[in-house]
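Visitor: test case, fold it:
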Amino acid sequence: MLKYAIIFAIISLIAGAMGFGGIAAGSAGIAEILFGLFLILAVIFVVLAALGVGAVKKALK
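Guide: Predicted coordinates:
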């Protein structure tokens, strides 16, 4: 997902440099949404992993 966010950000930069404002704005919006979604999922998985480590330690005792 982060890969696609970076790709859309690059497309936005190139389109903006070439003068295509609508395409640049659309690509930037998509990149922003994907990056936000990536951050939310990353935080969720880090929290789940931290909780899972404690559960595994409890199960091994």
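
Visitor: now do the contacts for residue 1.
Guide: 34, 37-38, 41 (C-beta atoms under 8 Å, 6 or more residues apart in numbering). Using the backbone N, CA and C atoms, a C-beta is placed for each residue, glycine as well.

Visitor: ditto for residue 2
Guide: Contact partners of residue 2, counting by C-beta under 8 Å, 6+ apart, are 34-35, 38.

Visitor: for it, give its distance to residue 39.
Guide: Distance from residue 2 to residue 39, counting by C-beta to C-beta, to the nearest Å: 9 Å.

Visitor: please apply the same query to residue 52.
Guide: 20 Å.

Visitor: residue boundaries of the helices in this protein?
Guide: All helices of the chain, identified by DSSP state H, fall at 2-18, 21-60.

Visitor: Serialize these to TSV and add fields for mean pLDDT.
Guide: Formatted as TSV, those follow (pLDDT from 0 to 100):
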stretch	mean pLDDT
helix 2-18	92
helix 21-60	87
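
Visitor: any idea which of those helices is most buried?
Guide: With neighbours defined as mean count of other C-beta atoms under 10 Å, those peak in mean count at helix 2-18, which reaches a mean of 15.

Visitor: ok, the residue lying closest to residue 31 once chain neighbours are set aside - contacts?
Guide: Nearest in space to residue 31, with sequence neighbours left out and distances taken as C-beta to C-beta, 6 or more residues apart in numbering, is residue 8 at 3.8 Å. Counting by C-beta under 8 Å, 6+ apart, residue 8 touches 27-28, 30-31, 34.

Visitor: how about 6 Å then?
Guide: Contact analysis of residue 8 by C-beta atoms under 6 Å, 6 or more residues apart in numbering lists 27, 30-31.

Visitor: quick check, nearest of those to residue 13?
Guide: Among the contacts of residue 8, residue 27 lies closest to residue 13 (C-beta to C-beta), at 8.6 Å.

Visitor: perfect, I'm done here.
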